[in-house]
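*Asks:* Sequence plus the predicted model coming up.
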Amino acid sequence: MHTEAAIAAWRQGLANSPHVTPDDLEELERHLRDDIQRLIGEGHEESEAVQLALREMGDYASAEAAYEGIYWKKAQREGRLRHELNLSISMIRTYFRVAWRTLLKAKGHTAINVAGLAIAIASCLLIFLYIRHERAVDQHHEHLDRIYMVGEQFDGPIYFWTRGALVPALLEESPHLESAARIHPNITWVSSGTERFNEEVLLADSTFFDLFNIDLLLGEADLTRPDGLLISESMAQKYFGRLDVLGKRLEVLFLDMEVVGVYADFPATSTLQGGLLIPFENVDGSDWGRGWSNTNTPSYVLLRDGADPDALRAQIQELVERNTAASNTSYAAQFHLQPFSAYHLDASQEGMIEEGGGFMATLLRVLFAIGLTIVLIAAINFANLSTAKALTRAREIGVRKVMGAHRGQLIGQFLGEALLVSYAAAALGAALALLGLPLFNTLLDTELTITFSDPTPWLLLFGLATVIGVLAGGYPAFVLSQYEPVETLRGRMQHGRQGTRVRSGLVVVQFALSMVLLLGTLVMLRQVDHMKNQDLHFDGDGVMTIGISPHDFEDPEAANARLHTIKQELRRNPRITHTAMSMVAPGQWNDYGFTFHTSGNADQIHAKWTVVDEAFFETYDIDVIAGRSFSTEIASDADAVVVNEAALDRFGWTDHAGQWIKWNTAAEPTPVLGVVEDFHFESLEAAIEPVVFLYGTKEHTNLQILSVKMSAGPVPPVVDAVEEQLASIDPTWPFAYDFADERFEMAYRDLERRSLLIATFAGLAMLVACLGLIGLAAYTTTQRTKEIGVRKVLGASVSGLVVLLSKDIARLVGIAFVIAAPVGYLLMRDWLDGFYYRIDLGASLFIATGILALLIALGTVAYQAIKAARRDPVLSLRSE
Amino acid sequence: MIPKALVSASIKPFILSIVSEGETYGYEIIQRVKYLTDGQMTWTTSTLYPVLHSLQNDGLLESSWRDVGSGPRRKYYRLTAKGEQALQREQSQWLHIHRALMKLWHPGLAPSTDA
């Protein structure tokens, strides 16, 4: 009897497989019985023989798998494949139908899963679009892999402004080059008649087209004629209202130029941008733009096929050293060749690369990691909630098994449910992404789009949903389908300790990830705040700056004289306290550098230089800490300089008295009049550089920034007064102004934007994690309904029960914190290293992160806990 | 024990050879292989039956059911003419490999290929 029962049970297990036919089963049963007979014949007890024989038959899964292969082969041979496929499709449909009903039955659980996944998928989609956009920058040039930018490094970042004489010399001497071009981006005024506009233009060598691809619409790509220019499509529309403008004339900074070509606007993914392409010949012919000492010219080279960039780099080094006859050493420039293809991602700011990689590359890496993290958190929710929920479905699983459902069918059903949820989430996620896209674009200053003609985002969406569905749904599917019907029907599977441990582990992972993001957000926000509140050591409050170069006017000398008169006249306005002229304004990027001869130093030393008038330091309230500033009264000041503290340091001087600088060995020494305190010319991301201030007397025509400091009160009347005065030089001159402090704000805007972006995603990650926690808390309290009831009957208070129910969560958050704190510390320390002026990673930030995470977690579970604790114990006890 | 890959590779020649000795059934085949390999090779039902069925589908074997007293019937397998040819091919291939390995391991003893 015992033997027959065992064989019947074994038979039942295989009978459910759709791939094992009754004939197969009969053959196998005969086999089993033969084996039992033999074993009994060999002297085994009957029950022992049955056990041994069953073991030799192997497990169901491998038998099923083996017969499945045969089944399909046979089906194919007999032309039944089509029919079988139809059957399978209808089965899959059934899985989805059953899944749909199950999901509707558990609305709250389904909503949490769909919402969490949708947020994760939407975040991923947006992040993907952004990363793809940034990675596409500058990738459209045909010879991209051979284009390099020439960079110079003194003792800090690598700058991509180099000597104007380098490219012509290289073209003449270098065997490594196919071509090379200098490209000077500039903002200059352009006019087609009466009206003038300031435009971004590119002054470029005629070899520009050897290196870079432009989409020429009309005419020729020719920059060999000094008076011939190329115009972009949108500029042609702006100035002439049409595209066929070949032969038309434009006035560019008093040069009468002819349009020789029209090109399609540079794509948004191009770092080179300009409405006009103008021959480089029109750049200042002095050493400033053409010589060996000034480092003002961005230069690009195109290597020959197979040429070694290192050899070219060495040649450039040698060429510059030979031509500058630098006695060299400590502050001599080191030359670098930067692959143009990676420039956008590597650059820290425009024209500059700092050690440790660029902000863009870092940002993309961080965003990628965040996207992955959010998906991981959502997937963990999904798996956790599904297994938790499915435990309450143990009876259903048992009944299904008894009714003849085999394992594959159960897996199919659970996967069907999981996929249904993840596809629903993908659809909702796509909608969220579409809704969020405008905000995302504003935040990042991009114009990303999601269109139906671009399949990649949709494929990503589908792929992501499938992977999440299969992975997150697969785990519960495989675990649950393994249950033995007898156990599940007895309800024994409800409190699997191992399952609880896995779920707790996953919650810890989720919270650790969220905490790292939370910490990162707090650190970033505080760092931005720190920079915004940093003492700039100058006062730009109420200082309006106007870019106005004497060279903007037909007669620069006369315009300059008039400008200086206006500067004096403006001071008569009772609202205007100071006026000053300078070459650049604080907060503007100053790219003028020079390697000076200095007293007491055999080597030439690199420093930045700029030109200011006698009123500049006073206007910006910059302290002169030693010596004095320039004076109009002393004629010899025209050939003197003032330096900042950083320059004093770099030149190795303890005191300015008796020190001098020289522009070249033959020049007369220029005495140093005084020292001003270090102030932030540029952004706070970098240290204050050494600066040499030259005196811009009223004969000096390089002063192109007029600073006007006004007293407190309404701004427009002052602006009007200034505009009126300046219009007296030339009424057609385009008046524009901004404020010094706003420029600094601008410099931080990028950083602020990025921080806000990361804060947003960190918030979303936290939200998704909390959604999971809500679901899990609901499940846990349901599981403990009876226990809570008993405790209440025995006199437990509501608060005591809430504590009891929240204790576990608090413990998990604690463990997560222990993991997150060191990881967060290392990551954020690396990030802060990129800033010269940075906050300390003090304990307070970590404590704040821990407390915040704990409060969020407890707040999330509190509702469930309180609800359960307040429940009438009679109802709780009746529940099972 | 003999590795899985070798078991899989040799299963077809084993079955064809054993069935060529005379009509037989699955259980007997497994026992015979166990005996022939001194217990080094033990096939499970999942190893044997799928291959038996696929050989039958390919027309190398044919089968018939027979009653054996009480309980389920027993399925017997026979070699077909096509199966005979397949067996010869298998034999020649395995002998080639066998000879080649023998030449390497026992150069003096190796049977010559043209023998």
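*Replies:* Received the coordinates, thanks.
*Asks:* And the strands in chain B, which stretches?
*Replies:* With DSSP state E as the criterion, chain B has strands at B:24-25, B:61-66, B:74-79.
*Asks:* Please enumerate residues in contact with the helix or strand bottoming out on mean pLDDT in chain B?
*Replies:* When the helices and strands of chain B are compared on mean pLDDT, DSSP states H and E, helix B:45-57 comes out lowest with a mean of 88. Applying C-beta atoms under 8 Å, 6 or more residues apart in numbering or on different chains, the set of residues contacting helix B:45-57 from outside is A:24, A:27-28, A:31, A:56-58, A:62-63, A:65-67, A:69-70, A:73-74, A:77, B:7, B:11-12, B:15-16, B:26, B:29-30, B:61-63, B:77, B:83. C-betas here are computed from N, CA, C, even on glycine.
*Asks:* what comes up buried for it?
*Replies:* Neighbour counts over helix B:45-57 (16 or more other C-beta atoms under 10 Å in any protein chain shown) mark B:Thr45, B:Ser46, B:Thr47, B:Leu48, B:Tyr49, B:Pro50, B:Val51, B:Leu52, B:His53, B:Ser54, B:Leu55, B:Gln56 as buried.
*Asks:* From the centroid of the chain, which residue is nearest?
*Replies:* Chain wasn't specified; assuming chain A. The residue lying closest to the centre of chain A (C-alpha atoms, centre = their mean) is A:Leu363, at 3.0 Å.
*Asks:* my question was about chain B
*Replies:* B:Phe14 (1.4 Å).
*Asks:* Report the inter-axis angle for the longest helix anywhere in chain B versus strand B:74-79.
*Replies:* The single longest helix within chain B, with elements called by DSSP state H, is helix B:81-105. Interaxial angle of helix B:81-105 relative to strand B:74-79 (axes from the mean of the first three to the mean of the last three C-alpha atoms, to 10 degrees): 70 degrees.
*Asks:* other SSEs contacting helix B:81-105?
*Replies:* With contacts defined as 3 or more C-beta pairs under 8 Å, 6 or more residues apart in numbering or on different chains; DSSP states H and E, the packing partners of helix B:81-105 are helix B:4-20.
*Asks:* Okay, buried residues for the helix it packs on please.
*Replies:* So helix B:4-20, judged by 16+ other C-beta under 10 Å, has buried residues B:Val7, B:Ser10, B:Ile11, B:Lys12, B:Pro13, B:Phe14, B:Ile15, B:Leu16, B:Ser17, B:Ile18, B:Val19.
*Asks:* pLDDT-wise, what's the bottom of the residues you listed?
*Replies:* Lowest pLDDT among the buried residues of helix B:4-20: B:Val7, with 86.
*Asks:* What distance do you get for that one to B:Ser46?
*Replies:* 12 Å (C-beta to C-beta, to the nearest Å).
*Asks:* can you check A:Glu668 too?
*Replies:* The gap separating A:Glu668 from B:Ser46 is 99 Å, by C-beta to C-beta.
*Asks:* Same check on A:Leu461?
*Replies:* From A:Leu461 over to B:Ser46 the distance is 40 Å, taken as C-beta to C-beta.
*Asks:* which residue sits closest to whatever residue of the stretch 101-250 of chain A ends up closest to chain B, ignoring its sequence neighbours?
*Replies:* Closest to chain B within the stretch 101-250 of chain A is A:Thr102: 33.4 Å, counting by C-beta to the nearest C-beta. For A:Thr102, the nearest residue in space outside its immediate sequence neighbours is A:Glu417; the separation is 5.9 Å by C-beta to C-beta, 6 or more residues apart in numbering or on different chains.
*Asks:* Sticking with that neighbour, tell me its helix or strand.
*Replies:* Using DSSP states H and E, A:Glu417 maps to helix A:407-444.
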